[in-house]
Every structure is written in C-alpha cells, then in structure tokens.
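*Asks:* got a sequence here, can you build the structure:
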Amino acid sequence: MEKVVILARVSTDKQEYERQITELAEYCRKMGWEVVRIFANKVSGAKTNEEREEIQELIEFVKTHQIQRVVCLEISRMGRNTLEALKVIQLLNEHKVSLYVKNYNLETLDSEGKVNPVASLICTILLEIAQMERLTIKERMASGRKQYIEKCRREGIKMGRPETYRKSIEEYKKQYQKEISLIRKGLSLANISAITGTSINTIRKLRSIL
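*Replies:* The predicted structure is shown next:
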C-alpha cells in the first residue's frame with residue numbers, strides 16, 4: 001500500500017476545513033493509499049516557503065518516511081506565488097514524491113517516478129491563473145478602500161476605532177506572542193524591537209502587563 005500525506009488548506013470556517021480533509025481522506029481510501037499524516041495550511045499569503053512551518057515539516061517528513069505521494073485539493077495552496085509553489089513541487093520531485101491535485105486529477109510524476117511534463121505545464125498555468133486572481137482581488141480591495149476613505153473625507157466621517165477603545169490583556173497576548181516570548185527570555189527592549197519591528201513603547205507596555 002502506498003504511503004501518502006494530505007496537504008489541506010485551513011479555512012476560517014471549521015466546517016469547510018473538515019470537508020476538505022474528509023473528501024481527500026475518502027479519496028485516498030478508495031485509491032488504496034495509506035494516509036500517514038495530514039498537514040494543515042493556515043498561513044498568510046505573504047509568507048515564503050521558508051516561513052511556512054507546515055511546508056518545512058512536510059518536506060522533512062516525506063524525506064524520512066518513504067512517502068510516495070502528497071495529496072491536495074487545489075494547487076494554489078502550494079505557495080504564495082508561482083515561483084514559491086514550483087519550488088515545493090521541485091523539492092518533492094527530487095525526492096521521488098509525486099504531487100496529486102485532486103480537483104484536476106493531476107499527477108506530477110508518472111508510474112516510473114519520472115516528471116510528467118504535461119502535468120508540470122498545466123500546474124504552472126494553473127498557478128499563474130491563481131496568482132493573477134489574487135492580484136486582481138488585492139487591487140479591487142485597495143481600490144474599494146481608497147474610494148471609501150475619500151467618501152469619509154467628503155462627508156466628514158472619522159475613521160478608525162472609537163477613542164474609547166482599549167485592547168484587553170488577552171488581545172495583547174494573542175497579538176504579540178513573539179514579543180512576549182522574547183521578553184520572557186530576558187532580551188532588551190531595543191533588541192526585541194529590532195527583531196520584531198514592534199515599537200519600544202508597545203514592548204514596554206507588554207512587559208508591564210506581564
């Protein structure tokens with residue numbers, strides 16, 4: 001029985017996430033593939049492969065556990081852009097691990113473990129389309145925000161949070177987890193600010209909370 005891992009996109013909607021896992025797991029069962037691990041992808045599109053823990057763990061896992069295939073629902077989640085995604089696919093190919101994209105029934109390696117050139121071309125095209133869609137959405141959001149700001153200025157509407165708004169301690173802890181970790185390790189305010197980019201005043205406030 002072939003060993004496979006599932007790479008799934010974690011949605012903010014828990015039900016959507018569970019549906020993906022269920023669909024992929026059921027497909028693997030029908031194909032006679034043994035799912036040995038599930039990697040969940042919940043990450044900002046701005047992160048590189050090196051910053052994506054689940055991708056790094058995935059590569060290390062397939063290298064050491066004799067995995068034959070990585071199964072995903074859609075290829076757009078392999079990387080923030082075409083280049084990043086192709087890097088992941090290349091790493092998998094180098095270790096004779098095939099990527100199977102269920103939505104398009106695409107397999108990057110053939111039965112002999114060789115790169116499937118047709119699948120590689122289609123994957124590249126699909127990634128380019130996905131990247132164009134993301135850029136289009138980003139541009140529309142920026143345009144919409146600009147129009148909203150201009151409208152608020154014309155109508156004298158004040159933007160931003162109410163002046164009475166104050167973050168709770170729990171909100172601070174959730175938002176500044178890395179900074180808090182560095183504070184507890186005893187690093188100076190200046191060093192923490194240099195590492196994280198957070199202002200010294202904010203770090204000082206976090207230290208007082210702790």
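*Asks:* what residues does stretch 108-123 touch?
*Replies:* With contact meaning CB atoms under 8 Å, 6 or more residues apart in numbering, stretch 108-123 is reached by 75, 85-86, 89, 92-93, 96-101, 104, 106-107. Using the backbone N, CA and C atoms, a C-beta is placed for each residue, glycine as well.
*Asks:* for the protein, just list every one of the strands.
*Replies:* 3-9, 34-41, 69-72, 98-101, 106-107 (DSSP state E).
*Asks:* show me the contacts for residue 127.
*Replies:* 75, 76, 78, 79, 81, 82, 85, 86.
*Asks:* sorry, back to before: tell me which of the strands of the chain sits nearest to residue 197.
*Replies:* Residue 197 lies closest to strand 34-41 among the strands of the chain, at 24.7 Å (CB to CB).
*Asks:* give me the sheet partners of that closest one and which way each runs.
*Replies:* Neighbouring strands of strand 34-41 in its sheet, by DSSP bridges, are strand 3-9 (parallel).
*Asks:* so who does residue 6 touch?
*Replies:* Per CB under 8 Å, 6+ apart, neighbours of residue 6: 21, 24, 25, 28, 35, 37, 38, 39, 70, 71, 72.
*Asks:* show me just the buried residues among those.
*Replies:* 21, 24, 25, 28, 35, 39, 70, 71, 72 (16 or more other CB atoms under 10 Å).
*Asks:* separation between the second one and residue 97?
*Replies:* Noted for residue 24: a distance of 16 Å to residue 97, by CB to CB, to the nearest Å.
*Asks:* likewise for the fifth one?
*Replies:* Using CB to CB, one gets 14 Å for the distance from residue 35 to residue 97.
*Asks:* and the lengthiest helix in the chain, which residues are buried?
*Replies:* In the chain, with assignment by DSSP state H, the single longest helix is helix 117-155. Buried positions in helix 117-155, judged by neighbour count with 16+ other CB under 10 Å: 119, 120, 122, 123, 126, 127, 130, 131.
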